[in-house]
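Undergrad: Following is a predicted model, sequence given first.
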Amino acid sequence: MDEQALLGLNPNADSDFRQRALAYFEQLKISPDAWQVCAEALAQRTYSDDHIKFFCFQVLEHQVKYKYSELTTVQQQLIRETLISWLQAQMLNPQTEKTFIRNKAAQVFALLFVTEYLTKWPKFFFDILSVVDLNPRGVDLYLRILMAIDSELVDRDVVHTSEEARRNTLIKDTMREQCIPNLVESWYQILHNYQYTNSEVTCQCLEVVGAYVSWIDLSLIANDRFINMLLGHMSIEVLREEACDCLFEIVNKGMDPVDKMKLVESLCQVLQSAGFFSIDQEEDVDFLARFSKLVNGMGQSLIVSWTKLIKNGDIKNAQEALQAIETKVALMLQLLIHEDDDISSNIIGFCYDYLHILKQLTVLSDQQKANVEAIMLAVMKKLTYDEEYNFENEGEDEAMFVEYRKQLKLLLDRLAQVSPELLLASVRRVFSSTLQNWQTTRFMEVEVAIRLLYMLAEALPVSHGAHFSGDVSKASALQDMMRTLVTSGVSSYQHTSVTLEFFETVVRYEKFFTVEPQHIPCVLMAFLDHRGLRHSSAKVRSRTAYLFSRFVKSLNKQMNPFIEDILNRIQDLLELSPPENGYQSLLSSDDQLFIYETAGVLIVNSEYPAERKQALMRNLLTPLMEKFKILLEKLMLAQDEERQASLADCLNHAVGFASRTSKAFSNKQTVKQCGCSEVYLDCLQTFLPALSCPLQKDILRSGVRTFLHRMIICLEEEVLPFIPSASEHMLKDCEAKDLQEFIPLINQITAKFKIQVSPFLQQMFMPLLHAIFEVLLRPAEENDQSAALEKQMLRRSYFAFLQTVTGSGMSEVIANQGAENVERVLITVIQGAVEYPDPIAQKTCFIILSKLVELWGGKDGPVGFADFVYKHIVPACFLAPLKQTFDLADAQTVLALSECAVTLKTIHLKRGPECVQYLQQEYLPSLQVAPEIIQEFCQALQQPDAKVFKNYLKVFFQRAKP
């Protein structure tokens, strides 16, 4: 071995050595006999360094996994012997190997097992057990090997080919027949011998039993001697967590519903009499979390049994199952209400499924009603934040609580399905009593009271948020709570969680304000002052900006009296933050987008006449335009790159804000009707010079391009005079990404204005194509994935452009480019259809081809086009699907084939019998297609139903491919 290279395996080695070690590993993987050196080193214990031993196992692993079939029988025998002699050495080795080496060795054993067990090594387990006997080191390795085999055979996270899946099934079947009873016996002996002396080995063995129980005969494990031993382990502190998990796997195993019920009931009896159901006596939360999972498994298993028995009409046993479930509810509630969220979280599944049963029952007993109420109170209590929750710096614990709250929400929704009246009454009670004394109540209780009101909106579903009409008792209860919320003054509570919950709830129930509009002013003030947009917390300000825009949008009809007042109050929040002097504005630029949109909505939806709207819109946008001009001048002069970037950012924000105000317009309220065209045209004139700025091109172009997209929608043909010069600038010094983003703009113009933009398109068609071809033809590194992907995306954009032009009835744009250019364009489409293995682009190319055939393929089409059809388009329809890369099992490819069928049908439609004759006498014979198949093909092509031909074409190519 290259001793120098091996030095690089040490994690503390410098990077040169590490690189050399990696290169050496790759070299050994390729070498046909390097594995033998590694095998020998392991068998003879040549090296004491752990990293080298691990390295040797890695080389062996690669050999067994990828190149085993290339070895001779003698070499395969050598690998088996190496592993067994390494295992024997471990029995005598005074020093135990490190865990990571034992795990890697177990993986190699497992790989060899799945490769050889069915053929060359049926006595695999017998050989290993005869070496390890009951030696604790040997047992440790034996158990690790078993876990590695289980993960090779049944691990759901490992993706197996169908061949591997078949092999794995066969291995499991063979193991069940030949060796599982012996393995189970070995586990029993290990547990029996080591339960009091070696907790580590015992826990490993329990883990193995838990893993294998899912696919072996349950009666081998679910019997008195095994279960009694496991229950004994439940009382041994170092074993009980693993014993709990093992029992959970046993309970989880699919089996006959009555047998499952008996198994669970007998387990429960023993656990209860051993005192495990007295949760309050137990202080070990880690154990309780596992125990909660076990109870959850038992509860859910009983519910599955009940469901099956009801389905089978076995009412007597179903009653027994329901009785068994009911007796577990008290324990479930204890675990659900436990102060440790992991323990509570683990029982939620049982709780959820129990409520599902109650939902199906026609009448609930008093006890069941009491259970529902108890679950409801538990959920309300558990939704509450604890003192430790860090609102300013949320970490992993906080994220886990947020997830846990989502689980509780599902319970609340399920409670609403079982008893909506009870839920509403309970929430109302908690809400009213808390808000009466909110000033003296802890923040978490105030937050949860408002949160519950918020959650009712989803728990008690209605269409279009109409909570305040329909069912009178529900509507009046919600109306009362909302009135209390907005009049109690709780929006002034000094805690961010309460503030945010207040605004979320106000927006969630915006329909309340159409019923009681008198409360709008005080809520608007809360949004606009220190409680909302001017709050000391950036998090609150940010969320409020979004919620404020939603509130105003949903209540725009009620906003008229307050418009000017709101616009005056948000004036300072609209200021474009200059990139100098470290000025910190209250809102980030993302938040400001919402404020601009809100301002736009207020102006556009107001009842003011058009000239007033225009004046207000001008007031809103003029400061942006003025700032933009100044900043653009500064950018042109800026030397320092960092300063250039921050100025460009600021310019981009200005364009973005102006874009965002235009979202307020609609078909009912167009820019023209509001008298605002002139203002936006001024914006266009102000922003377009940025396109010719040589600095920070990417960011400036992207902002202006987005603005143009918006203006094409809002200003319609008034935008057209600006398009030619904008396009010219955007085509200068282009990269693939620039073009890719520019083409959708041209597509939008083409599809929207069609014939109006024909002269412009004809003029810029070839310059655009030259820019595209120039980028596509640039040489790139062979393995540069991102460059290849960029080119693929640009190619797609190019074909999408041609599709838009031909599909918008603008084929003359192409036709007028001169014969040579037209042919060049058409050839690129043929190449796109045939040569590039990209089904999305291929589909587009066939759409273009069939459109062109439809337009030009008749008798009066352009000169030479008919020849082109036979020389290029017809062959493309066969060559593309015959390529190996054209995968007919892939959905996108099938869509491309479908368009290919449309192309052939269109050719037949336009050229008639001449097309059939060409296929019959010239083209298909040239592909060596049998005469009877040619006949069959032409008949299918002439079928009037296009679907028949599409289906036939797929079969035709499936047969044609080897």
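TA: Yep, it's here.

Undergrad: Would you state the helices of the stretch 251-400 of the chain in chain order?
TA: Remark: helices assigned in the stretch 251-400 of the chain by DSSP state H, counting those that start in this stretch are 257-273, 285-311, 315-336, 341-346, 348-360, 366-382, 396-418.

Undergrad: Only the C-alpha atoms, please, for the fifth one, written as PDB.
TA: Spelled out, it's helix 348-360. Extracted in PDB, the C-alpha atoms of helix 348-360 (Å, rounded to 0.1, in the frame of the first residue of the first chain):
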ATOM      1  CA  ILE A 348     -51.800  12.700  19.600                       C
ATOM      2  CA  GLY A 349     -52.300  10.000  16.900                       C
ATOM      3  CA  PHE A 350     -54.400   7.900  19.300                       C
ATOM      4  CA  CYS A 351     -56.300  10.900  20.400                       C
ATOM      5  CA  TYR A 352     -57.000  12.000  16.800                       C
ATOM      6  CA  ASP A 353     -58.200   8.500  15.800                       C
ATOM      7  CA  TYR A 354     -60.400   8.200  18.900                       C
ATOM      8  CA  LEU A 355     -62.200  11.400  18.000                       C
ATOM      9  CA  HIS A 356     -62.700  10.000  14.500                       C
ATOM     10  CA  ILE A 357     -64.500   7.100  16.100                       C
ATOM     11  CA  LEU A 358     -66.700   9.400  18.100                       C
ATOM     12  CA  LYS A 359     -67.500  11.400  15.000                       C
ATOM     13  CA  GLN A 360     -68.900   8.200  13.400                       C
END
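
Undergrad: Which of the residues in that helix are classified as buried?
TA: Neighbour-count burial for helix 348-360 flags 348, 349, 350, 351, 352, 353, 354, 355, 357, 358 (criterion: 16 or more other C-beta atoms under 10 Å). Every C-beta, even on glycine, is put in place using the N, C-alpha and C of the backbone.

Undergrad: List the contacts of it.
TA: Outside helix 348-360, the residues that touch it by C-beta atoms under 8 Å, 6 or more residues apart in numbering are 295-296, 299-300, 303, 306, 322, 325, 328-329, 332, 336, 364, 368, 371-372, 375, 407-408, 410-411, 414-415, 417-418.

Undergrad: give me the low-pLDDT residue ranges for the stretch 501-650 of the chain?
TA: Applying pLDDT under 70 to the stretch 501-650 of the chain flags residues 579-583.

Undergrad: The closest residue to residue 29 other than its chain neighbours: neighbouring residues, count only.
TA: Leaving aside its sequence neighbours, residue 29 sits nearest to residue 62 (C-beta to C-beta, 6 or more residues apart in numbering; 4.9 Å). A total of 20 residues lie near residue 62 under the criterion other C-beta atoms under 10 Å.

Undergrad: and what of residue 210?
TA: There are 21 residues near residue 210, going by other C-beta under 10 Å.

Undergrad: name the element it belongs to?
TA: Using DSSP states H and E, residue 210 sits within helix 199-212.

Undergrad: what pLDDT, on average, does that helix get?
TA: The pLDDT scores in helix 199-212 average 95.

Undergrad: Residue numbering should commence at 7 henceforth.
TA: Noted, 7 is the first residue going forward, which turns the last one into helix 205-218.

Undergrad: Quick check: what element follows it along the chain?
TA: Following helix 205-218 in sequence, per DSSP H and E, is helix 230-239.

Undergrad: can I get the CA coordinates of that next one in CSV?
TA: Provided in CSV are the C-alpha atoms of helix 230-239 (Å, rounded to 0.1, in the frame of the first residue of the first chain):
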residue,chain,number,x,y,z
ASP,A,230,-45.3,-16.0,27.0
ARG,A,231,-41.6,-16.6,27.4
PHE,A,232,-40.6,-13.6,25.2
ILE,A,233,-43.3,-11.2,26.3
ASN,A,234,-42.6,-12.0,30.0
MET,A,235,-39.0,-11.3,29.6
LEU,A,236,-39.7,-8.0,27.8
LEU,A,237,-42.1,-7.0,30.5
GLY,A,238,-39.3,-7.8,33.0
HIS,A,239,-37.0,-5.5,31.1
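
Undergrad: That one - contacts with which helices or strands?
TA: helix 186-200, helix 205-218, helix 246-258, helix 263-279 (3 or more C-beta pairs under 8 Å, 6 or more residues apart in numbering; DSSP states H and E).

Undergrad: what residues does stretch 694-703 touch?
TA: Residues contacting stretch 694-703 (C-beta under 8 Å, 6+ apart): 634, 638, 641-642, 644, 650-651, 653-654, 657, 661, 706-707, 709-710, 728, 731-732, 735-736, 739, 744.

Undergrad: Okay, and which of those residues map to helices?
TA: Taking DSSP state H as the definition of helices, these contribute 634, 638, 641-642, 650-651, 653-654, 657, 661, 706-707, 709-710, 731-732, 735-736, 744.

Undergrad: quick revisit: do you know how far the residue nearest to residue 35 is from residue 725?
TA: Residue 68 is 62 Å from residue 725, where distance means C-beta to C-beta, to the nearest Å.

Undergrad: got it, and residue 176?
TA: 68 Å.

Undergrad: ok, these two, which is more surrounded?
TA: Each of residue 176 and residue 725 has its neighbours counted (other C-beta under 10 Å); residue 725 has more, 22 against 12.

Undergrad: Run through the residues that contact that one.
TA: By C-beta under 8 Å, 6+ apart, the neighbours of residue 725 are 690, 714, 717, 718.

Undergrad: Roughly how far does residue 901 sit from residue 848?
TA: Residue 901 is 9 Å from residue 848, by C-beta to C-beta.

Undergrad: More neighbours: which of the two?
TA: The neighbour comparison of residue 901 against residue 848 (other C-beta under 10 Å) goes to residue 848, with 28 against 15.

Undergrad: check which helix or strand covers that one.
TA: With DSSP H and E as the criterion, residue 848 is inside helix 845-862.

Undergrad: which is the next helix or strand following that helix?
TA: Downstream of helix 845-862 (by DSSP H and E), the next one is helix 871-874.

Undergrad: Tell me where this structure is predicted with low confidence.
TA: In the chain (pLDDT under 70), the answer is 7-20, 23, 27, 585-589.

Undergrad: now the strands for it?
TA: In order along the chain, the chain carries no strands (DSSP state E).
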